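In: compute the structure for the input listed below.
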Amino acid sequence: PGHAPRDGEPLPPWRRRGDGGAGTCDSDSDSDGVMAARPLLALLCAALWALSPGPGPLAAAPAPAPAPLYPLISARGLNISCRACRAAFTALDFALQLKVGMDEVGLMATRLCVELRLAAGEVCMQAIRLFERDMITAWVESVLRPAEACGLLLGSDCGHWDIYGPWNISLPVIPKPPVVPPVLPPASSPVTRILFLTDIHWDKDYTAGTEPHCREPLCCRLGSGRPPSHRPGAGPWGEYSKCDLPLRTIANLLQHLQHQRYDLAYWAGDIPAHNIWQQSRHDQINALTTITKLLRQHLPNLTIYPAVGNHESTPVNSFPPPFMHGNQSSSWLYNAMVDAWQQWLPPTALETLRRAGFYTVAVRPGLRLVSLNMNFCSHENFWLLINSTDPAGQLQWLVGVLQGAETSGEKVHIIGHIPPGLCMKVWSWNYYRIVNRYEGTIAAQFFGHTHVDEFEMFYDEETLSRPLSVAFIAPSVTTYIGLNPGYRVYEVDGDYPGSSGLVLDHETFILNLTEANGSGRAAWSSLYRLRHSYGMTSAFPADFQQLLSRLYKDQRLFNRYWYLRHKGSAALPCLAECRAAVLCALRSGRAEDPQLCRDLHPGLTYSQLHRHRPPPMC
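Out: This is a model prediction of the structure:
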């Protein structure tokens, strides 16, 4: 679909009843059944996506847990088989042919959520209530049929659900400048230190001593209860479980950062906790303003450039493009961000932030920043079921910014929350094409979202063999799930005429929770430096390609990467299929491209390999 129909505009053929399409909310005789079916499936899908912590059991818990550490989905963790899913939705579809009233939709969806063991009854009920209004609006305008629901929930092996039509952004006819290989600057050149924070996830209800292994999707908080006498409760600084952070840990981090030197900071989003079934707009704005105030208080002389995370909104992942107006738009959130961040951003940046959550700003002479709203590429943003074609015109806007930077000789840093390799395929491939065209202008890309330490490679589109860019993915501040708190510092070619703006090295810092909770004192320390730990001569794309080759051949080196990937926390081993899947993800700056992974594990198809990939912990 290329656009959302305007008032009075005829529906396109794929939206008309009688041609195999999904139908619409018109006055035909079966409209009540369609109206009931869509919201029900929508609410169930939303509950599945929203309540899922994400990964399979990667991080080892400090003690046996009475309930699974990762209780819901991805497909491997969902407590329902493909056969059972199809049977459930077949039964639902039959029931809905009887024109079940809208008043019963929420109750039916809640009952399914409970019977499929997606979450406890109260959590199911609250999540479905929270999603109901927005999901119904998005769903009745979408083109997804009920029969495709299991493919959406469990993956392509259980059904096909590709409803996103192909589209392409337009690139200028101006020829691409000749490629100039990067070189290290002289040792005496200035270096810019960039503080990078992502996925803070403050839980205002975190309570030391509570149950770290509760039945709900988020623990260590009021309502989690107390653990049995033979097991310790949540620690004062955080916990190795499905828990977020208390404010004291975040404040302690910022106090620690006061004593370090940084030239600027990038902040890649996800401020609120993971109790997404309980959140209100007031809660989200309170988290935004509280953490922003803490940053200004402890780092008053540092300019911080934020990006919008998927947890900033409620319902989670709900980011309607600007064609939605009124109370169901995102204006309540973007207006709050403008109010909170106007000290850091100029009026031109605030203007596009207020409209759609993205902006650009000149950081210094010769260096420009672009902050993308990556929710417009997200599979979980249900508003894109209506129209996924370059939402808010963001990618076409990006092309204009990059062309202007190329013309004026600026280098560009791109920040965002969700890494491009995890985006919808059509969006991701368009973005990859943009990075290819402007490889000489884009000096670096910085993302978060997965909570672990990763990167994604970009290659030339012609041969997929020449590395031309790296998307750095920094680990989270939060512990969720089973991790030490952490942050990163990037060292970038500094402020001087002709600076490349390239990343020269980076260093990751953690708070060792075992030591902090044991001693009662928080001590942040360096976990590793990139070039030293991996024996890299530089941090350019070619060096990361060489690192990937070494990780493929050297199991000991890969084991070290696996340990550092989880911020020094205990993790279950990653063996042959897992390792191939992880390396595939590191190669994949664009989504769903089997060519990038064809030689990693000859015994597995791409879809099989993809199933072994550890999901993000977002």
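In: just the buried positions in stretch 431-451, please.
Out: For stretch 431-451, a neighbour-count test (16 or more other C-beta atoms under 10 Å) marks 431-439, 441-451 as buried. Quick note: C-beta positions are derived from backbone N, CA and C, even for glycine.
In: what about R364, how many neighbours?
Out: 15 (other C-beta atoms under 10 Å).
In: err, D460, not the other one
Out: 13.
In: contact partners for A265?
Out: The contact partners of A265, taken as C-beta atoms under 8 Å, 6 or more residues apart in numbering, are 194-197, 299, 302-305.
In: sitting in strands, which of those residues do you find?
Out: Among the contacts of A265, DSSP state E puts 194-197, 304-305 in strands.
In: now render the contacts of A265 as JSON lines, adding pLDDT and neighbour count.
Out: What follows is the contacts of A265, written out as JSON lines (pLDDT from 0 to 100; neighbours: other C-beta atoms under 10 Å):
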{"residue": "I194", "pLDDT": "98", "neighbour count": "22"}
{"residue": "L195", "pLDDT": "98", "neighbour count": "20"}
{"residue": "F196", "pLDDT": "99", "neighbour count": "22"}
{"residue": "L197", "pLDDT": "98", "neighbour count": "25"}
{"residue": "L299", "pLDDT": "98", "neighbour count": "17"}
{"residue": "L302", "pLDDT": "98", "neighbour count": "17"}
{"residue": "T303", "pLDDT": "98", "neighbour count": "14"}
{"residue": "I304", "pLDDT": "98", "neighbour count": "19"}
{"residue": "Y305", "pLDDT": "99", "neighbour count": "22"}
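In: quick one: buried residues of the helix or strand harbouring M125?
Out: Per DSSP states H and E: M125 is located in helix 121-140. Going by neighbour count (16+ other C-beta under 10 Å), the buried part of helix 121-140 is 123-128, 130-132, 134-140.
In: okay, G21: pLDDT?
Out: Per-residue confidence (pLDDT) for G21: 30.
In: which ones are touching S499?
Out: With contact set as C-beta under 8 Å, 6+ apart, S499 has these partners: 185, 189-190, 366-367, 411, 493.
In: could you redo the last one with a cut-off of 10 Å?
Out: Contacts here follow C-beta atoms under 10 Å, 6 or more residues apart in numbering; on that basis S499 touches 185, 189-190, 192, 364-367, 411, 443, 492-493.
In: all helices of the stretch 401-550 of the chain, in order?
Out: Under the criterion DSSP state H, counting those that start in this stretch, the stretch 401-550 of the chain contains helices at 425-437, 513-519, 530-534, 541-553.
In: for L333, grab phi and psi.
Out: Dihedral angles of L333 (phi, psi; degrees, to the nearest 10) stand at phi -80, psi -50.
In: what's the neighbour count on the nearest residue to it once chain neighbours are set aside?
Out: Distance criterion C-beta to C-beta, 6 or more residues apart in numbering; nearest residue to L333, sequence neighbours excluded, is S313 at 5.6 Å. Neighbours of S313 under the rule other C-beta under 10 Å: 25.
In: do the one 4 residues further on as well
Out: Under the neighbour criterion other C-beta under 10 Å, N317 is assigned a count of 24.
In: how about the one 3 residues further on?
Out: Counted with other C-beta under 10 Å, the burial measure for P320 works out to 25 neighbours.
In: that one and W332 touch, don't they?
Out: No - contact criterion C-beta atoms under 10 Å: P320 and W332 do not qualify, at 11.4 Å.
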